[in-house]
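Colleague: Sharing a model prediction with you, sequence too.
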Amino acid sequence: MDEASETASPMVRTTRLDVLVSSHRDADEALEVLRLANTAAPTAADAPRPTPVHVVLVDHLSEHATRTLLSHGARGILLRGNSVWHLPWAVRAAAAGTIALAPVAARFLVDQYVRPGRTAEAVATARTLLAKLSSREREIVHLLADGASNPAMAEMLGISAHTVKDHIRAVYSKLGVDNRVQASRIVWQAQVPTQPTSTQARGLSAYDGAGAPTVTP
């Protein structure tokens, strides 16, 4: 993790900031800093001290990464490669209470509205693919989409790392994908909640069989 990751928490605790900008190699690293910042956010006992908004810089972005960073409180998401051009307006926008997104990140979200027919079709296709998975495989694919490592999945599910690998191979085969990014994309496109436990995984049973749910754009 870079220096920003190690210092974000004490900075938030001791400094009155309007906007916190941090630079990261990838979205997983940025997500960890967002979690640290959220943990360090002031409680009612600390008031008055407003929580700063957070703008993250990353090397690469995907649709899933963009949605995940936003859901964990990022008010701005930029690519490091061209951030020098975008930071001035992005910081002002985030400070003003709006969302500042790099063009590529904005395109991921805008496409849902300018191409609703294609989005609805993608959701239905993704849900059909997920319906092929067993309950355990659904747990695995949702944990994959959350960025969990194989050892972390083994610990959470109470199975061996070797068994996790077997499940991942089965997931890839049934979904027709080759890696975690492609599998995560299908989970994101399906637009179903993350379900990391066996009990929660059974909530996806509604997608089993031929009766796929109706998707409204």
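Modeller: Yep, that arrived.

Colleague: Do you have the helices of this protein handy? List them.
Modeller: 3-14, 27-39, 63-71, 83-95, 103-114, 116-130, 135-145, 150-157, 161-175, 180-190, 198-201 (DSSP state H).

Colleague: Need the winner for burial among those helices.
Modeller: Highest mean neighbour count of these: helix 135-145, a mean of 23 (counted as mean count of other C-beta atoms under 10 Å). C-beta coordinates here come from the backbone N, C-alpha and C atoms, glycine included.

Colleague: Hey, what's the angle from that helix to helix 150-157? Just curious.
Modeller: Angle, helix 135-145 to helix 150-157, by axes from the mean of the first three to the mean of the last three C-alpha atoms, to 10 degrees: 130 degrees.

Colleague: starting at the chain centroid, how far to helix 135-145?
Modeller: 15 Å (C-alpha atoms, centre = their mean, to the nearest Å).

Colleague: what about that helix, average pLDDT?
Modeller: Mean pLDDT, helix 135-145: 90.

Colleague: on that earlier part again, averaging pLDDT over each of the helices of the chain, which comes out lowest?
Modeller: helix 198-201 (a mean of 40).

Colleague: one step back: now render the helices of the chain as CSV, adding distance to residue 53.
Modeller: CSV is the format used below for the helices of the chain (distance: least, C-beta to C-beta, whole Å):
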stretch, distance to residue 53
helix 3-14, 11
helix 27-39, 10
helix 63-71, 12
helix 83-95, 5
helix 103-114, 16
helix 116-130, 28
helix 135-145, 26
helix 150-157, 29
helix 161-175, 36
helix 180-190, 24
helix 198-201, 31
